[in-house]
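*Asks:* Got a sequence here, can you model it:
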Amino acid sequence: MFRPKYPEAPTPSIVHVPTAIPTAQNSHAPACSCQHAPAPAPARPAGALSGLNAGTVGAVVTVGIVLTALLAAVAVTAVSVAVAAVVMRSLLASQRRR
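*Replies:* Numbers count the residues shown, from 1 in each chain. Below is the predicted model of the structure:
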């Protein structure tokens, strides 16, 4: 009752078109019988990073996350030590006044 009713999509009809043009085979003789060396591969720019793959990127991201978590832990610890120091100073100052 509460399920949506989707309209039925028409099934596409497959039309077969025969190819009237035969495929030509290019089999020509080379212009010369000399052996040519293959063209050299294009040189990479000096600043291009080589060897980057998903594993490397994943490792860099993981190390970044771990270092960020450690930095956050150090910051929270520093704040809690500072608050404890202020409380201890206040308690010690109130005892000196008595």
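*Asks:* what number of residues lie near Ala84?
*Replies:* Counted by other CB atoms under 10 Å, the residues lying close to Ala84 total 10. Every residue, glycine included, has its C-beta placed from N, CA and C.
*Asks:* now do Cys34
*Replies:* Around Cys34 there are 6 residues (other CB under 10 Å).
*Asks:* quick one: it and Ala41, what's the gap?
*Replies:* From Cys34 over to Ala41 the distance is 22 Å, taken as CB to CB, to the nearest Å.
*Asks:* Kindly report the same for Ser90.
*Replies:* Using CB to CB, one obtains 72 Å as the distance from Ser90 to Ala41.
*Asks:* who has more neighbours, these two?
*Replies:* Regarding Ser90 and Ala41, a neighbour count based on other CB under 10 Å identifies Ser90 as having more, with 9 against 6.
*Asks:* Now Pro7. Its backbone dihedrals?
*Replies:* phi -70, psi 150 (degrees, to the nearest 10).
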